[in-house]
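In: With the sequence up front, the predicted model follows.
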Amino acid sequence: MTNILIIHGPNLNLLGEREPEVYGSTTIFQLNQMLAQKARELGVEARFFQNNSEGKIIDFIHKYRIWAHGIIINPGALTHYSYSLRDAIVAVSKPAIEVHLSDIHKREPFRKISVIKEVCIDQIVGLGIQSYFKGLEKLVMHLRGTASHDKL
Ligand code: DQA
């Protein structure tokens, strides 16, 4: 079985109620349910985690480093400054895809910078919750060795 971690960073627990004009109206519970269904369709097992603390996210990545084959992560604002999260992704040597609901390249200047991007195999932005679904499909294709070589 292929095992995937799906991680949501700070403030994403408030999905659905937090700035819905930017992040949409789907709650994190609904999103995780839909992703779990998608994972079943793809024949992979997904384990979900959301936390508002950088250290807890890093602990989760460490804890599941043997179990997991790959990682989907929306790091929230940690994207823009968390070198310790970046180091954690490198430390566990698993392919990771960075996803964002909004298009971080079209927002405030500080959001355009991702310190995570370089250590991920891809970055998918601006598709709302579809960013996660596309990320999951790409990661599974990558793990099965069927990914096309072009970046997004
Ligand atoms: C986000 C974009 C980040 O800049 C922001 O801090 C978030 C959500 C997104 O999914 O669009 O919390 O990661």
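Out: Structure's in. What do you need?
In: residues in the chain within reach of the ligand, list them.
Out: When proximity is defined by CB under 6 Å from any ligand atom, the chain lies next to the ligand at 11, 74, 76-77, 79, 100-102, 104, 111. (Glycine included, C-beta is placed from N, CA and C.)
In: Buried ones in stretch 110-129, by neighbour count?
Out: 111, 114, 116, 119-125, 127-129 (16 or more other CB atoms under 10 Å).
In: Among the residues of the chain next to the ligand, which pair sits farthest apart?
Out: Asn11 and Ile104 (14.2 Å; CB to CB).
In: the more surrounded of the two?
Out: Set side by side, Asn11 and Ile104 show more neighbours around Ile104, with 20 against 14, by other CB atoms under 10 Å.
In: show me the contacts for that one.
Out: Residues in contact with Ile104 (CB atoms under 8 Å, 6 or more residues apart in numbering) are 79, 111-112, 114, 125-126.
In: same deal with Ile58?
Out: Each residue near Ile58 by CB under 8 Å, 6+ apart is listed here: 84-85, 88.
In: residues in contact with the residue located most distally from the centre of the chain?
Out: The C-alpha centroid of the chain is most remote from Pro109, which lies 21.2 Å away (CA atoms, centre = their mean). Under the criterion of CB under 8 Å, 6+ apart, the contact list for Pro109 is empty.
In: Could I get the buried residue list for the helix or strand harbouring Gly135?
Out: Using DSSP states H and E, Gly135 falls within helix 130-143. Buried residues in helix 130-143, counted by 16+ other CB under 10 Å: 131-140, 142-143.
In: cool, and stretch 79-94?
Out: Across stretch 79-94, burial judged by 16+ other CB under 10 Å covers 79-82, 85-86, 88-89, 92, 94.
In: try stretch 18-36
Out: For stretch 18-36, burial by neighbour count (16+ other CB under 10 Å) applies to 23-24, 26, 28, 31-32, 35.
In: So which of those belong to helices?
Out: Using DSSP state H, the members of those that fall within helices are 23, 28, 31-32, 35.
In: Among the buried residues of stretch 79-94, which lie within helices?
Out: Residues of the buried residues of stretch 79-94 located in helices (DSSP H): 85-86, 88-89, 92.
In: Can you add pLDDT and give those back as TSV?
Out: Below are those laid out as TSV (pLDDT from 0 to 100):
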residue	pLDDT
Leu85	98
Arg86	98
Ala88	98
Ile89	98
Val92	98
